[in-house]
Every structure is written in C-alpha cells, then in structure tokens.
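Student: what follows is a predicted structure for the sequence shown.
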Amino acid sequence: MAKVEVFDPPMCCSTGVCGPSVDPALAAFAADLTWLADQGVEVERHTLSQEPQAFAERDLIRELLAERGDDALPAVLVDGALRSSGHYPSRQELSSWTLGAAPLGALGAVTAELVAIGAAIGANCEPCFKYHYNEARRLGVGSETMVAAVRVAQTVKDTPARSMSDLAAKLLGAEVTMAQPAAAGPSASTTPVPVAGGGCCDGEATGPEAPAAEAATAATSACCGGEASEAQVMLVTTASGVSGSSGCCG
C-alpha cells in the first residue's frame, strides 16, 4: 500500500480547528487524510515548527525550502515522489495517487455533513440539524458555508409550496396569499362583560353581543350543570335571539 507524507508549514496544529479562527481547507484536508488512512494508506504528517529535523533529513524537502521558502509548503510526497507543493490537494487527487481512482459516489466528510444539514432542513428535524451542525463545526466548516447549504435546502423545500400556490391561483382566478393571524385582544371600543357560571361558560363577551350576554347571565346555570326555568329560557331567547337549547355549551 502507498505511503503519503505531508510536510506542513509552521502552525500550532494541523487540524485547522485551533487558534483564533478555523481554516476550513485545512480541516477538510485533515478529514481527507483520516479517510485515506481508513482505506489502508500509510499517512505521516510533519509540521515545520514542531519537527524541523524531519524537513532537514529529506533532500527533496530541503531543496524546496531553499528554492521557495515557506511558499513551498505544504508539500505532499507519495512513496517518496513529490505530488503537490504550496497547496493542499483534494481527496480525489489523494485517492488517484494512492488508490488508483476515487471510489464512485464517495463523499468527503465535510460534503456529507452539508448534505445532512440540508436533509434536516427538508425534514424539519431539529435534533438532526443540531447533530450535523455540531459535526460540521468539528470538521472546521464555517458558518457561511453552512448558511449557504441551508439556503439551498430551504429553496428546494419551498419550491413545491410556491408551485401549489401558483396552481391554486391559476385555477381559482385569484391571488392566493397566506392568511394572517387575527389581532389578539379586544378593541378599545368594546366593553368586556363577565359571564357567570363555570367550565365552558367562563370568559368574557364583547362588542354587540354584550347586552345579550348580560341578559343571559341569569340563565347560564342551564348549560353549566343547573336547570333553567321557562322564564329564564324566554329571557335568553328575547335578549340574544337564540333558543334556550343553543347556549354556550350547546
């Protein structure tokens, strides 16, 4: 199996998630090397600030540094041969150098998490989103990248709803808009009138119905457990214009 050696420029660590800011490219490369090792490839990584001796011992790396300085780093060797210098190669490149070809349908760890974030948006799954958001952050994915994934997913999710609204508007010959919730609370011109009784009769009547509610107070025991007299029923009928059988519980 092939051997990959990576010679990194000076840095505090090679994961890309330490320091004051996260480097998405470095974090993605670290994930790619982990994936490569899972395929059985031998991977070694050296950082100039922590292992200068490893750089000095390799003639090829020493010559690169003499010619280009730190701009030559990172340098990637595969079985001792220089494959890239000055940038981090993609997973596809690493795979082609070591495995012959990238596996069909293979997704990088970062790409897989972005796909999962989009799927969570489409499924309205909050636990799913939180989990894959945390995984993406662990891999060094920045907020801007995740926002882009969410926007794409939301657009895909909203498109069928817009299409249905357009179809309804076309067939009905009228614009279809989302219903707005009614304003909460009574208006300033109405006077709350308490309604006696309990259970379904608790509450207040407002507006034009207030006089009827006042008249109905004497008969509210009928729908809340008591019995109304014929005179009480007639009072409700006269005041509210409804029969005694259609009280607040009817």
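Tutor: That came in fine, so what should we check first?

Student: show residues contacting the helix or strand harbouring residue 68.
Tutor: For residue 68, the element it lies in under DSSP states H and E is helix 59-68. For helix 59-68, the surrounding residues in contact (CB atoms under 8 Å, 6 or more residues apart in numbering) are 7, 55-56, 72-73, 75, 77, 80, 82, 85-86. All C-beta atoms are positioned from the backbone trio N, CA, C, and that covers glycine.

Student: following that helix, which helix or strand comes up?
Tutor: In N-to-C order, the element after helix 59-68 by DSSP H and E is strand 75-78.

Student: helix or strand next in line after that next one, which one?
Tutor: Toward the C-terminus from strand 75-78 - assigned by DSSP H and E - lies strand 81-85.

Student: partner strands of that next one and their direction?
Tutor: Looking at strand 81-85 with DSSP bridges, its partner strands are strand 75-78 (antiparallel).

Student: and the strand or helix carrying residue 31, C-alpha only, in PDB?
Tutor: When elements are assigned from DSSP H and E, residue 31 belongs to helix 24-38. The C-alpha coordinates for helix 24-38 follow below in PDB (Å, rounded to 0.1, in the frame of the first residue of the first chain):
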ATOM      1  CA  PRO A  24     -12.000  25.100   6.500                       C
ATOM      2  CA  ALA A  25      -9.500  24.000   3.900                       C
ATOM      3  CA  LEU A  26      -7.100  22.700   6.500                       C
ATOM      4  CA  ALA A  27      -9.900  20.900   8.400                       C
ATOM      5  CA  ALA A  28     -11.200  19.300   5.200                       C
ATOM      6  CA  PHE A  29      -7.700  18.100   4.400                       C
ATOM      7  CA  ALA A  30      -7.300  16.600   7.800                       C
ATOM      8  CA  ALA A  31     -10.500  14.700   7.300                       C
ATOM      9  CA  ASP A  32      -9.300  13.500   3.900                       C
ATOM     10  CA  LEU A  33      -6.100  12.100   5.400                       C
ATOM     11  CA  THR A  34      -8.200  10.300   8.100                       C
ATOM     12  CA  TRP A  35     -10.300   8.800   5.300                       C
ATOM     13  CA  LEU A  36      -7.200   7.800   3.400                       C
ATOM     14  CA  ALA A  37      -5.800   6.100   6.400                       C
ATOM     15  CA  ASP A  38      -9.100   4.200   6.800                       C
END
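
Student: what's the mean pLDDT across the helix or strand just after that helix?
Tutor: Where DSSP H and E defines the elements, the next helix or strand beyond helix 24-38 is strand 42-47. Averaging pLDDT along strand 42-47 yields 95.

Student: which strands or helices does the next helix or strand after strand 42-47 pack on?
Tutor: Heading C-terminal from strand 42-47, the first helix or strand you meet, by DSSP H and E, is helix 52-57. Packing partners of helix 52-57 (3 or more CB pairs under 8 Å, 6 or more residues apart in numbering; DSSP states H and E): helix 59-68.

Student: could you pull out the buried residues of the helix it packs on?
Tutor: Buried residues in helix 59-68, counted by 16 or more other CB atoms under 10 Å: 61, 64-65.
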